[in-house]
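>>> Sequence first, then the predicted structure:
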Amino acid sequence: MARRGATSPSPPSPGSSSFRSCEAPGCDAAGEFRAPRDRSRLRDYYHFCLTHVRAYNQAWDFYKGMSPDEIEQHLKEDNGWQRPTWPLGRLGQNGKFDPSQLKDPLGLFTDTKPTPNKTATKAPAELRAALDVLGLGWPLEDDALRDRWKELAKRYHPDANGGDKSCEERLKDINRAYSLLRKRLASMAPLSAGVAA
């Protein structure tokens, strides 16, 4: 690579061994500029002088001789750089979209506006991920936790989803989150006032 400010090398002189003349008929100038011969041979070049390469480029039509269907097919292949493509998602599975996977605390994707919960306190840091997995807020009631766990367990059970591995992994996360929250709620439960003597 040439350094900044360095001059470009001069073209080879007509007597040297590296001299290549322009391939345009009747032109004796140096063929310094390459141009592809054909769309099927893009790495096989003509060598032209500047004047003739400009004229060649102006007349170049890559799609010349192709039908509209062939042009459309070529453009589609160009989107993936002529490599095979697959549908997005789990290797093309046509699984059902689960809206509970979207977290929308501000209600941007629904018609209902969020209602600020002034009584809510900030959840302990070690429980925030578990609460997010179950889609619950803090403070948390034991009954609400159990009801939400049952709902999600039914929804993501592999038997209900044809043995889908992603649902199985999601159910494992749900069970871990439920176990953690249940233990925390049990440790926070007030001791009974009446103790047997």
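Looks like it came in fine. These numbers come from a predicted model, not from an experiment.
>>> List the buried residues in the lengthiest strand in the chain.
Identified as the longest strand of the chain according to DSSP state E is strand 41-48. Buried positions in strand 41-48, judged by neighbour count with 16 or more other CB atoms under 10 Å: 46-48. Yep, even glycine has a C-beta here, placed from its N, CA and C like the rest.
>>> Now do the next helix or strand after it against strand 41-48: the angle between them, please.
Tracing the chain past strand 41-48, the next element assigned as helix or strand by DSSP states H and E is helix 50-59. On the basis of axes from the mean of the first three to the mean of the last three CA atoms, to 10 degrees, helix 50-59 is oriented at 140 degrees to strand 41-48.
>>> For helix 50-59, enumerate the helices and strands it packs against.
Secondary-structure packing of helix 50-59 (3 or more CB pairs under 8 Å, 6 or more residues apart in numbering; DSSP states H and E): strand 33-38.
>>> what about the strand it packs on, average pLDDT?
Strand 33-38 comes out with an average pLDDT of 89.
>>> got the CA coordinates for it in PDB?
Output of strand 33-38 as PDB, limited to C-alpha atoms (Å, rounded to 0.1, in the frame of the first residue of the first chain):
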ATOM      1  CA  PHE A  33      -7.900  -0.300 -16.800                       C
ATOM      2  CA  ARG A  34      -9.700  -3.600 -16.500                       C
ATOM      3  CA  ALA A  35     -13.300  -4.300 -17.500                       C
ATOM      4  CA  PRO A  36     -15.200  -7.600 -17.200                       C
ATOM      5  CA  ARG A  37     -15.700  -9.500 -20.400                       C
ATOM      6  CA  ASP A  38     -19.100 -11.000 -19.500                       C
END
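>>> Return the set of buried residues in it.
Of all the residues in strand 33-38, those buried under the rule 16+ other CB under 10 Å are 33, 35.
>>> Equivalent analysis for stretch 126-145, please.
127, 130-131, 133-134, 136, 140, 145.
>>> can you list contacts of the longest strand of the chain?
Defining contact as CB atoms under 8 Å, 6 or more residues apart in numbering, one finds that strand 41-48 is touched by 20-24, 27, 31-38, 56.
>>> Okay, angle between it and strand 33-38 too, please.
140 degrees.
>>> in its sheet, what does strand 41-48 sit against?
strand 33-38 (antiparallel) (DSSP bridges).
>>> so where's this structure shaky on pLDDT?
By pLDDT under 70, the weakly predicted segments of the chain are 1-18, 86-103, 105-107, 109-120, 189-197.
>>> Grab the longest helix from it for me.
helix 165-188 (DSSP state H).
>>> Show the contacting residues for Y178.
130, 134, 145, 149.
>>> Go through those residues and name the one nearest W60.
L134 (61.7 Å; CB to CB).
>>> Now do the domain split for the protein, please.
According to automatic domain parsing, the chain comprises the domains 15-85, 99-188.
>>> Would you mind measuring from the nearest residue to R20 once chain neighbours are set aside to V53?
The shortest distance from R20 to any non-neighbouring residue, by CB to CB, 6 or more residues apart in numbering, is to G31 (4.5 Å). Noted for G31: a distance of 9 Å to V53, by CB to CB, to the nearest Å.
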